[in-house]
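Chemist: Got a sequence here, can you build the structure:
(one chain, ligands or ions: 1)
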Amino acid sequence: MKMQPTNLRKNSKDALSNSKLQLAMGNMRRDFVDSRGRAIGQMPEYDLLKADAKSRKDHTLANLDHYLEAFSEKCEETGGKVHWAVDGSAACEIILGICKSVNAKKVTKSKSMIGEEIGINKYLEHHGIEPIETDLGEYIIQLADEPPSHITAPAIHKTKEEVAELFYEHHNSYKKTRRLSEIGEMCREAREVMRKKFFEAEIGITGANFLVAETGTSVIATNEGNGDLTQILPRIHIVVASIDKIVPTLEDGLTYLRLLARTASGTEITTYNTFSTGPRQASDLDGPEEFHVVLLDNKRSEMLAGPLREMLRCIRCGACLNHCPVYKSIGGHAYDWVYPGPMGSVLTPSIIGLEVSGSLPEASTFCGRCEAVCPMDIPLPGMMRHLREKAFSDNIVGKRHRFTLKAWNFFLKHPRLYYILLKISTRLIYLLSKRKGYIAFFPGINAWTKSRDLPSSEGKTFMELWMRQNGK
Ligand code: SF4
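Modeler: Residues are numbered from 1 along each chain as shown. Take a look at the predicted model:
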């Protein structure tokens, strides 16, 4: 697990001047937003469903210890084996132990953010085991040796041309004569390359969208069918999931699935919703001989007991990313860890520590769209504000930043002084911009004027204009 400090500021600058990234992000900017809007618009009961989902999750979190034990008992009753992992290293060791028990050399993987969180691919590679990503987006970034940049669309930062180039480079042993240009052709080629690998793997690793306590079932929602092949074909199926994925009943799981598809991709339901309970039984036609579930804590217990508990309601739909003006400008890699966007700005500091990720909660304009579109009603801006305050009180923010905040605090506590200063600077900006209509340089705000001009001022403060308009 990466624990180096995140570098949001530098990464954001790089991202904004990366023309390929900007092109790819430009392609996604409206798609997710429009399709979610349409799907929600066709669901008159959306608000009721959202309130229901929230209260079900709050109940589960309040009784998480009970439901975790219930899941474990049921899973073992049906022939599965449950492993408890306190952190990412423990989870990796458990998975490696299972791989070694059958001398596995190849492992197929269905998309799993928990897999990314614990860094399982690098860990397995280090121990001589080849991990093969089977979700198309994950497969693309595995070829590019990059982390995902979105929690539901991992290769969203890649243009079609970049993917074609990757396939040209890596599918050489296939039947390569030319670079592909059509998305359909690329999908067909990836499917053919992948199909062979599904049959070679001894172990399949999946994440879980939900783990159902009443039946000991793991549920995954996918659109490509790769999850089913990953968990059915190999001899062993390993599920790796965090403890907050527990839901008490199948009905709870179905409630979240209805919300997930609509808010994630704007569809009524994901194409494949697969429920796996235990290993293959005598009457089953297929399925794994062994079924393991690795339950990861990795600071979730601490979150449960702290002020960011509501973050554990997250169902990883990605809507907060898709609607965030900051994420849509800088992409996911700028956040420097597994979870990007508003949810990442809360989750990452909670998992790897605010001292190495203290700048992430700054990646917000506080426009509030993330909270408005979140199907689980998670107060993301409030949480980021809490983390900013904590970064300040724990002395994590830089000296310049601290000075600015202190000065700001001082002026806000002295409104007369603040108003006088505001009047002076408004007049000054007016005088300086009068001739050209804009200011290309102004001391103290050169971070702004370096990349754009400061528009001319009216010469009056908002308050003055408002009072004049209202005859005061
Ligand atoms: S915080 Fe809300 S909107 Fe963001 S991924 Fe989680 S559930 Fe979806």
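Chemist: Residue 294: what's it in contact with?
Modeler: 83, 85, 91, 94-95, 238-241 (CB atoms under 8 Å, 6 or more residues apart in numbering). Quick note: C-beta positions are derived from backbone N, CA and C, even for glycine.
Chemist: Dump those to JSON lines, plus neighbour count and distance to the ligand.
Modeler: Listed next are the contacts of residue 294 as JSON lines, based on neighbours: other CB atoms under 10 Å; distance: CB to the nearest ligand atom, whole Å:
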{"residue": "83", "neighbour count": "19", "distance to the ligand": "26"}
{"residue": "85", "neighbour count": "22", "distance to the ligand": "22"}
{"residue": "91", "neighbour count": "29", "distance to the ligand": "21"}
{"residue": "94", "neighbour count": "20", "distance to the ligand": "26"}
{"residue": "95", "neighbour count": "25", "distance to the ligand": "25"}
{"residue": "238", "neighbour count": "27", "distance to the ligand": "24"}
{"residue": "239", "neighbour count": "27", "distance to the ligand": "20"}
{"residue": "240", "neighbour count": "27", "distance to the ligand": "19"}
{"residue": "241", "neighbour count": "25", "distance to the ligand": "15"}
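Chemist: now those residues in JSON lines, with secondary structure and pLDDT?
Modeler: JSON lines is the format used below for those (DSSP: H, G, I helix; E, B strand; the rest coil; pLDDT from 0 to 100):
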{"residue": "83", "secondary structure": "strand", "pLDDT": "98"}
{"residue": "85", "secondary structure": "strand", "pLDDT": "98"}
{"residue": "91", "secondary structure": "helix", "pLDDT": "98"}
{"residue": "94", "secondary structure": "helix", "pLDDT": "98"}
{"residue": "95", "secondary structure": "helix", "pLDDT": "98"}
{"residue": "238", "secondary structure": "strand", "pLDDT": "98"}
{"residue": "239", "secondary structure": "strand", "pLDDT": "98"}
{"residue": "240", "secondary structure": "strand", "pLDDT": "98"}
{"residue": "241", "secondary structure": "strand", "pLDDT": "98"}
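Chemist: would you turn those into a markdown table with distance to residue 232?
Modeler: Listed next are those as a markdown table, based on distance: CB to CB, whole Å:
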| residue | distance to residue 232 |
| --- | --- |
| 83 | 21 |
| 85 | 24 |
| 91 | 23 |
| 94 | 22 |
| 95 | 19 |
| 238 | 13 |
| 239 | 13 |
| 240 | 17 |
| 241 | 18 |
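Chemist: Among those, which one lies nearest to residue 265?
Modeler: Of all the contacts of residue 294, residue 241 has the smallest distance to residue 265: 20.9 Å, by CB to CB.
Chemist: I'd say that closest one and residue 207 touch.
Modeler: Yes: under the criterion of CB atoms under 8 Å, residue 241 makes contact with residue 207 at 5.9 Å.
Chemist: so what sits against both of these two?
Modeler: With CB under 8 Å, 6+ apart as the test, residue 241 and residue 207 both reach residue 114.
Chemist: Skip the chain neighbours and tell me the closest residue to the closest residue to the ligand within the stretch 51-200 of the chain.
Modeler: Of all residues in the stretch 51-200 of the chain, residue 151 sits closest to the ligand, at 6.4 Å by CB to the nearest ligand atom. Distances taken as CB to CB, 6 or more residues apart in numbering put residue 318 closest to residue 151, at 4.9 Å, once the chain neighbours are dropped.
Chemist: Count residues in the vicinity of the one you found, would you?
Modeler: 23 (other CB atoms under 10 Å).
Chemist: My guess is it contacts residue 149. True?
Modeler: No: judged on CB under 8 Å, residue 318 makes no contact with residue 149 at a distance of 11.2 Å.
Chemist: got the contact list for the residue nearest to residue 23 when sequence neighbours are not counted?
Modeler: Leaving aside its sequence neighbours, residue 23 sits nearest to residue 159 (CB to CB, 6+ apart; 5.7 Å). Residue 159 makes contact with 20, 23-24, 27, according to CB under 8 Å, 6+ apart.
Chemist: neighbour-wise, which of these leads?
Modeler: Within these, most neighbours by other CB under 10 Å means residue 24, with 20 neighbours.
Chemist: my guess is it is in a helix, correct?
Modeler: Yes: using DSSP: H, G, I helix; E, B strand; the rest coil, the assignment for residue 24 is a helix.
Chemist: Need phi/psi at residue 131.
Modeler: In terms of degrees, to the nearest 10, the main-chain angles of residue 131 are phi -90, psi 130.
Chemist: just to revisit the earlier point, mind putting the contacts of residue 159 in a markdown table, distance to the ligand included?
Modeler: Listed next are those as a markdown table, based on distance: CB to the nearest ligand atom, whole Å:
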| residue | distance to the ligand |
| --- | --- |
| 20 | 26 |
| 23 | 25 |
| 24 | 20 |
| 27 | 21 |
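Chemist: Return the item of those having minimum pLDDT.
Modeler: When these are compared by pLDDT, residue 27 scores lowest at 76.
Chemist: Near residue 302, how many residues? Count them for me, please.
Modeler: Per other CB under 10 Å, the neighbour tally for residue 302 reads 13.
Chemist: Spell out the secondary structure type for the nearest residue to it once chain neighbours are set aside.
Modeler: Distances taken as CB to CB, 6+ apart put residue 350 closest to residue 302, at 7.6 Å, once the chain neighbours are dropped. Here residue 350 takes the helix state, with states given by three-state DSSP.
Chemist: now do the one 5 residues further on
Modeler: State at residue 355, reduced to three classes by three-state DSSP: helix.
Chemist: pLDDT below threshold where in this structure?
Modeler: Low-confidence segments of the chain (pLDDT under 70): 1-3, 29, 173-177.
Chemist: Please, where are all the strands along this protein?
Modeler: Remark: strands assigned in the chain by DSSP state E are 81-85, 106-109, 130-133, 203-206, 210-212, 217-222, 236-242, 246-247, 272-277, 290-296, 438-439, 454-455.
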